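Novice: Just to be clear, the model below is a prediction. Sequence and coordinates:
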Amino acid sequence: MELSEDQTERYARHLVLQEIGETGQKKLINSKVLVIGAGGLGSAAIMYLAAAGVGTIGIVDYDKVSLSNLQRQIIHNNSDKNLNKTSSAAKKVHALNPDVKTIIFNEHLTPDNIMDIIRDFEFIIDCTDRFETKFLINDACVIAGKPYSHAGVIRFEGQAMTYVPKKGPCLRCMIGDVPHNSPVCSEVGVLGAVVGVLGSIQALEAIKYIVGTGELMCGRVFSFNGLSMQTRLHRISGSNPECKICGVKPTIINLNGNRKDYDISC
Amino acid sequence: MVIINGNAVDAAGKTVSQYILQTDYNISRVAIELNGDILPKSQYDSTILNDNDVVEIVGFVGGG
């Protein structure tokens, strides 16, 4: 495949980057990335993936756009209220870059459907808003051997890390059990520009993974506080022999046997 | 002194749990690396911080 004249112009700033160039751009055009959650993190992640020319973007969400989303979820417009977030997001992707194909999954993510949804994608981005779903994605990606980007944000702070099979610990290695009843943005608030920082970092990790350049945050956790502007790339490496999914005696063999962990009503 | 997130902290002699409880971290949402290895949660109560230990602590948040 050769880049078209339009593509050469569209991606001109990538083509002059030694780390991307024509080879990297072609990898992006041929890549398939799944973004789970088209909210605050997903808005930034999806838009940057689309602009970068990621050829296929999967979008998973079950919500509809509401007025209170628009303070931070910049992929959705005022005129999108009550539309499915997946359709609203896909519309913006196509408007930004007609090269990009979208596959939308307008459904709740569950232990029953997640393995099918992630199967055809080479990199997954967790842009969900609760630990229960973040652990569902973690466990599914570990079982399926899929690389993924994790991020979480509330108020003015957040963190991000990247999991690549055999390259570092998973979220469960780090945190242990699902921290049920953790604060959520609807209760404690969140600033849009802060979510945008973390969502952009997730898109960046996906792009680096696809192109095969730079250092991914495997075994490292980036933390950011937008009020103090304190940032740190924490090294959280090595393995956790007690991890329930990748430790020496794993107790989570499949998602079905572990449903209670992913139940947000807990 | 214990080196925690790059800073020298007067925490030697405390268990990891005791140290976390005196901070703003929520123990259910932290990840800890002690001298290059992840510290499993089951060892927070029994692990005593020593001088020159190198510790990384990250507090996770779950929104998005």
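Specialist: Okay, I see it. Numbers count the residues shown, from 1 in each chain, chains lettered A, B, ... in the order given.
Novice: Can you report how many residues neighbour residue 12?
Specialist: Picked chain A for this. If you count neighbours by other C-beta atoms under 10 Å in any protein chain shown, residue A:12 ends up with 10. Where C-beta positions appear, they are placed from N, C-alpha and C, glycine not excepted.
Novice: wait, I meant chain B there
Specialist: The number of residues packed near residue B:12 is 14, by other C-beta under 10 Å.
Novice: cool, residue B:48 as well?
Specialist: Residue B:48 has 13 neighbours, counted by other C-beta under 10 Å.
Novice: How about residue A:180?
Specialist: By other C-beta under 10 Å, 17 other residues sit near residue A:180.
Novice: before we move on, what about residue A:174?
Specialist: What residue A:174 shows, counting by other C-beta under 10 Å, is a neighbour count of 27.
Novice: where exactly do the strands run in chain B?
Specialist: With strands called from DSSP state E, chain B shows them at B:2-4, B:7-9, B:30-34, B:37-38, B:54-59.
Novice: Tell me the helices and strands packed up against the third one.
Specialist: Contacts defined by 3 or more C-beta pairs under 8 Å, 6 or more residues apart in numbering or on different chains; DSSP states H and E place strand B:30-34 against helix A:171-175, strand A:230-235, helix B:16-21, strand B:54-59.
Novice: Export it to PDB, keeping only CA atoms.
Specialist: Output in PDB follows, covering the C-alpha atoms of strand B:30-34 (Å, rounded to 0.1, in the frame of the first residue of the first chain):
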ATOM      1  CA  VAL B  30      -2.500   2.000  46.400                       C
ATOM      2  CA  ALA B  31       0.300   0.100  44.600                       C
ATOM      3  CA  ILE B  32       3.600  -0.200  46.400                       C
ATOM      4  CA  GLU B  33       7.000  -1.200  45.100                       C
ATOM      5  CA  LEU B  34       9.600  -2.000  47.800                       C
END
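Novice: Contacts for it next, please.
Specialist: Residues outside strand B:30-34 that contact it (C-beta atoms under 8 Å, 6 or more residues apart in numbering or on different chains) are A:174-175, A:221, A:234-238, B:16, B:20, B:38-39, B:44, B:47, B:53-60.
Novice: still on that earlier bit, please tabulate the strands of chain B in CSV, including the columns mean neighbour count, mean pLDDT and distance to residue A:225.
Specialist: Formatted as CSV, the strands of chain B follow (neighbours: other C-beta atoms under 10 Å in any protein chain shown; pLDDT from 0 to 100; distance: least, C-beta to C-beta, whole Å):
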stretch, mean neighbour count, mean pLDDT, distance to residue A:225
strand B:2-4, 18, 98, 16
strand B:7-9, 12, 97, 15
strand B:30-34, 23, 98, 15
strand B:37-38, 19, 96, 23
strand B:54-59, 20, 98, 10
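Novice: Redo the ones you listed as JSON lines? Include distance to residue A:106.
Specialist: Formatted as JSON lines, the strands of chain B follow (distance: least, C-beta to C-beta, whole Å):
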{"stretch": "strand B:2-4", "distance to residue A:106": "45"}
{"stretch": "strand B:7-9", "distance to residue A:106": "47"}
{"stretch": "strand B:30-34", "distance to residue A:106": "33"}
{"stretch": "strand B:37-38", "distance to residue A:106": "37"}
{"stretch": "strand B:54-59", "distance to residue A:106": "34"}
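Novice: contact partners of the helix-or-strand element of chain A with minimal mean pLDDT?
Specialist: Ranked by mean pLDDT, DSSP states H and E, the weakest helix or strand in chain A is helix A:185-188, scoring a mean of 86. Residues outside helix A:185-188 that contact it (C-beta under 8 Å, 6+ apart) are A:40, A:129, A:153, A:154, A:155, B:63, B:64.
Novice: So which of those belong to strands?
Specialist: Members of the contacts of helix A:185-188 lying in strands (criterion: DSSP E): A:153, A:154.
Novice: Closest to residue B:27 out of the contacts of helix A:185-188?
Specialist: residue A:154 (17.4 Å; C-beta to C-beta).
Novice: which residues sit in contact with the nearest residue to that closest one once chain neighbours are set aside?
Specialist: Of all residues not flanking residue A:154 in the chain, residue B:63 sits nearest, at 4.0 Å (C-beta to C-beta, 6 or more residues apart in numbering or on different chains). Residue B:63 makes contact with A:40, A:129, A:130, A:152, A:153, A:154, A:158, A:183, A:184, A:185, A:188, A:190, according to C-beta under 8 Å, 6+ apart.
Novice: how about a cut-off of 7 Å?
Specialist: Contact analysis of residue B:63 by C-beta atoms under 7 Å, 6 or more residues apart in numbering or on different chains lists A:129, A:152, A:153, A:154, A:184, A:185, A:190.
Novice: For the helices and strands packed on strand B:30-34, please prepare JSON lines with the additional fields distance to residue A:29.
Specialist: Shown next, in JSON lines, are the helices and strands packed on strand B:30-34 (distance: least, C-beta to C-beta, whole Å):
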{"stretch": "helix A:171-175", "distance to residue A:29": "30"}
{"stretch": "strand A:230-235", "distance to residue A:29": "30"}
{"stretch": "helix B:16-21", "distance to residue A:29": "47"}
{"stretch": "strand B:54-59", "distance to residue A:29": "35"}
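Novice: Bridged to residue A:150, which residues?
Specialist: On the basis of DSSP bridges, residue A:150 is bridged to residue A:126, residue A:161.
Novice: Many thanks, we can stop here.
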